[in-house]
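Trainee: sequence below, structure please.
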Amino acid sequence: MKPKKKSLQDLGGIMYSTDPDFAYPEEANTVESLPNQQQDLRVTLDRKNRGGKAVTLITGFRGSDDDLQRLGKMLKTKCGVGGSAKDAEIIIQGDFREKVMTLLQQEGFKAKKSGG
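Mentor: The predicted structure is shown next:
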């Protein structure tokens with residue numbers, strides 16, 4: 001998720017230019033994904049703010065959004081349920097902690113159960 005820009009300095013100090021050849025400076029916002037062995041993921045069961053429905057929450061992913069989406073899609077497909085992957089966390093509908101743990105360990109991730 002991109003950080004919000006709150007002031008003129010966050011925008012690079014330039015708001016408008018009449019120069020037709022002017023180009024805004026590009027942000028270097030490319031995040032390199034860590035190898036699977038260096039990822040430290042936490043798998044929890046979450047029921048808060050979800051209308052009493054349980055979801056399996058995987059947090060701690062560090063890497064690009066494409067890699068996060070790819071991992072989320074693989075987990076959702078293997079569990080046969082829906083969910084989402086955004087803001088460095090993956091949400092799997094239902095209580096699939098054990099299955100997700102084994103799938104992540106098969107892929108080479110360091111995964112730990114946390115909470116209850």
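
Trainee: against which helices or strands is the helix ranked longest in the chain packed?
Mentor: Counting by DSSP state H, the longest helix found in the chain is helix 65-79. Applying 3 or more CB pairs under 8 Å, 6 or more residues apart in numbering; DSSP states H and E, one finds that helix 65-79 makes contact with strand 83-86, strand 89-93, helix 97-106. (Each C-beta comes from the backbone N, C-alpha and C, glycine too.)

Trainee: for it, what is the average pLDDT?
Mentor: Within the predicted structure, the mean pLDDT of helix 65-79 is 94.

Trainee: just the buried residues of it, please?
Mentor: By 16 or more other CB atoms under 10 Å, the buried positions in helix 65-79 come out as 67, 68, 71, 72, 75, 76, 79.

Trainee: so how far is that helix from its chain's centroid?
Mentor: 10 Å (CA atoms, centre = their mean, to the nearest Å).
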